[in-house]
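> From the sequence below, what's the structure:
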Amino acid sequence: MSFRAQFLRTLIISFFAMLMVVLIVLFPRDLDIQMDSYRMNVNYDFSWAKYGNNIKGFFANLIEKGSLGIDRYNLPIVTVVLTSVAKSLAVIVTALILSFGLGVLKGIMDYKLSRTKWSFFGNWTTWLFQSLPDFLVLLLIQWYVIRYLPFIRIFSPDQWYSFLLAAVLVSIYPTMYIARITSASIADQDGKMYIMVARAKGLTQRLIFYKHVFYNSFGTILTHLSSLFVYVLSNLLMVEYFTNFPGAAYRLFLAIDYSVNFGTGPNYEPGVIIGIAFFFMIMVLIVQWISLAARRHFEAR
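Take a look at the predicted model:
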């Protein structure tokens, strides 16, 4: 598949995915709740007319007024979405840089230590962090900070370092993921003919590794950039929730307003959900394009 076709394919898939999100979010969720003596009766009746009105009303408001409506706090949803996305964007970009950079370095270390007696500090530590549940690692770090580093206000979003602390917590698992990919990609180059030829020419091991082995592995590592971004997003809600960080993932969680008894609570905000989902979809699309462009560059060389 050509480079331009891949770009167009990711764009079309993202468009249809966003359309499906809109259709799902605007699905009628009105419940008929009645009290009968000491019992609560809850009924749900689906109506295509109501579903159509939700869709028409949303797009009419978006096209004619350029608005997503008002949220539960009587604030413009567009402002709420932009503010929360901007805060999360600082966390996401920082986490991507940390996880990719540290992950590549950890992967190189894992590969070099794999044939020594210190292999435990290489692949074994990567495997250990990947096997532990994300929320357990987060809770252990929170406990350590609260217990031994009380001067760090981990639950205060007003501190200048709040986004940096959240980014570090978000990047733990993605770092180990990239480390495992890097180590496996480098190991896959072992024994190939070009390495034997380079050694026969008298090139140093360091030069062979960084100029040939690692460079040829980098294209494979970049193919996992999209997966890395998905891992960052999947950890974002948990970190924002446990650190009280007012980002987009936490605001999206509030907008869903999940109720144990009724599924959807009375404060369900479809405009907020669609707005934040749209920006997340744009971020995923941009990362996919960057991954495709970078992979094409390294494969071409």
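
> residues touching the residue most central in space within the chain, list them.
Among the residues of the chain, the one closest to the centroid is Leu233, at 1.7 Å (CA atoms, centre = their mean). Applying CB atoms under 8 Å, 6 or more residues apart in numbering to Leu233 gives the contacts 92, 249, 280, 283-284. Glycine gets a C-beta too; all of them are placed from N, C-alpha and C.

> Just the pLDDT for Asn261.
Model confidence at Asn261, given as pLDDT, is 67.

> is it true that Met35 lies in a helix?
No. Under DSSP: H, G, I helix; E, B strand; the rest coil, Met35 falls outside any helix and is assigned strand.

> how near is it to His212?
Distance of Met35 to His212, given as CB to CB, to the nearest Å: 75 Å.

> Neighbour count: the two, which is higher?
His212 (17 against 8; other CB atoms under 10 Å).

> For the residue lying closest to the more buried one once chain neighbours are set aside, grab phi and psi.
In this structure, His212 finds its nearest non-sequential neighbour in Ala198, 5.9 Å apart by CB to CB, 6 or more residues apart in numbering. Dihedral pair for Ala198: phi -60, psi -40, per degrees, to the nearest 10.

> tally of neighbours for Ser131?
Look at Ser131: counted by other CB under 10 Å, it has 8 neighbours.

> err, Ala294, not the other one
Neighbours around Ala294, by other CB under 10 Å: 16.

> From Ala166, how far out is the closest residue in space to it that isn't next to it in sequence?
In space, and not counting its chain neighbours, Ala294 is closest to Leu222: 4.7 Å by CB to CB, 6+ apart. According to CB to CB, Leu222 stands 25 Å off from Ala166.

> Which residue of these two possesses the greater neighbour count?
Ranked by neighbour count (other CB under 10 Å), Leu222 and Ala166 place Ala166 first, with 28 against 22.

> Which residue ranges of this structure form strands?
Using DSSP state E, the strands found in the chain span residues 32-36, 39-43, 258-259, 263-264.

> So which of those strands is nearest Thr126?
strand 258-259 (34.4 Å; CB to CB).

> quick one: strands adjacent to that closest one?
Strands that pair with strand 258-259, judged by DSSP bridges, come out as strand 263-264 (antiparallel).

> Ser131 and Ser183, how far apart?
Distance from Ser131 to Ser183, by CB to CB: 16 Å.
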